[in-house]
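Asks: Have a look; sequence and predicted model below, questions after that.
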Amino acid sequence: MKTNKKIGERIKQMRESKSLSVADVAERSGLDAIQIENIEQTGGLPSLTPLIKIARVLGVRLGTFLDDYDELGPAISRKEEYSKSISFSTKDLSSHRHMDYYSLSPTKAGRHMEPFVIQIEPVDEGVDFVLSTHEGEEFIYCLDGIVEIQYGNETYILEEGDSIYYDSIVAHHVHAGRQGSARILAVIYTPI
């Protein structure tokens with residue numbers, strides 16, 4: 001899996017190859033130009049949502065930023081490879097700084113879905129989460145622990161073995177229940 005800094009470098013390279021300025025990407029994505037510059041320079045990723053929005057502007061799949069190889073056949077992911085993760089980190093407690101994403105398909109070129117195992121650490125009581133929206137769909141299966149999904153005005157609780165499938169255009173946030181950490185299988189589909 002690529003480090004966050006390499007993802008930032010890839011975004012900058014693709015943006016420049018399309019002769020787009022940071023301001024162009026910011027305007028078209030609805031993101032702040034400073035956030036885009038930070039992603040490109042340091043790989044600082046507050047959540048998956050900015051990557052999805054940038055991919056839309058650049059006209060590429062989300063997986064384009066995560067690809068390691070150009071394999072067209074099936075992609076196999078081994079459990080010992082889970083140590084290579086994408087971490088979302090920011091000082092904003094309402095973000096996904098408590099999540100580590102382990103891609104299950106970094107070697108599959110041309111993919112339209114992004115499967116991840118996500119380790120979610122609990123956050124402090126009373127944190128108000130910032131909900132995200134993006135085009136596409138998400139499927140989440142709770143592997144262990146308790147997961148809370150805020151979806152619109154509703155909150156859904158998933159325990160081990162439970163799953164949820166939803167349209168990600170509706171404002172949502174996924175976090176561990178207050179009881180402790182959780183682990184999920186998440187499949188994210190974003191149209192180009």
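Replies: Thanks, I have it. Numbering: from 1, shown residues only.
Asks: longest helix of this protein?
Replies: Looking across the chain with DSSP state H, the single longest helix is helix 4-17.
Asks: Would you map the strands across this structure?
Replies: Counting by DSSP state E, the chain has these strands, from start to end: 86-87, 99-103, 113-120, 137-144, 146-151, 154-159, 163-167, 172-176, 182-189.
Asks: Per-residue pLDDT of the residue minimising distance to the centre of the chain, please?
Replies: In the chain, the residue lying closest to the centroid (C-alpha atoms, centre = their mean) is Leu48, at 2.7 Å. On the pLDDT scale, Leu48 is placed at 78.
Asks: so it touches Thr190, yeah?
Replies: No - contact criterion C-beta atoms under 8 Å: Leu48 and Thr190 do not qualify, at 9.4 Å. Heads up, the C-betas are built off the backbone N, CA and C, glycines and all.
Asks: Pull up the overlap in contacts between those two.
Replies: Common neighbours of Leu48 and Thr190 (criterion: C-beta atoms under 8 Å, 6 or more residues apart in numbering): Leu62.
Asks: ok, now how distant is Tyr31 from Glu40?
Replies: Actually, residue 31 is Leu. It isn't Tyr. 12 Å (C-beta to C-beta, to the nearest Å).
Asks: So if I had to pick from the two, which one is more boxed in?
Replies: Comparing Leu31 with Glu40 by other C-beta atoms under 10 Å, the one with more neighbours is Glu40, at 22 against 18.
Asks: Show the model's pLDDT score for the closest residue to the more buried one other than its chain neighbours.
Replies: Leaving aside its chain neighbours, Glu40 sits nearest to Lys12 (4.1 Å; criterion: C-beta to C-beta, 6 or more residues apart in numbering). Per-residue confidence (pLDDT) for Lys12: 90.
Asks: Neighbours of Lys12, how many?
Replies: 16.
Asks: Over to Ser77?
Replies: With other C-beta under 10 Å as criterion, Ser77 counts 16.
Asks: show me what contacts the residue nearest to it when sequence neighbours are not counted?
Replies: If the residues on either side of it in the chain are set aside, Ser77 comes closest to Leu104, at 4.4 Å by C-beta to C-beta, 6+ apart. By C-beta under 8 Å, 6+ apart, the residues touching Leu104 are 75, 77, 115-117.
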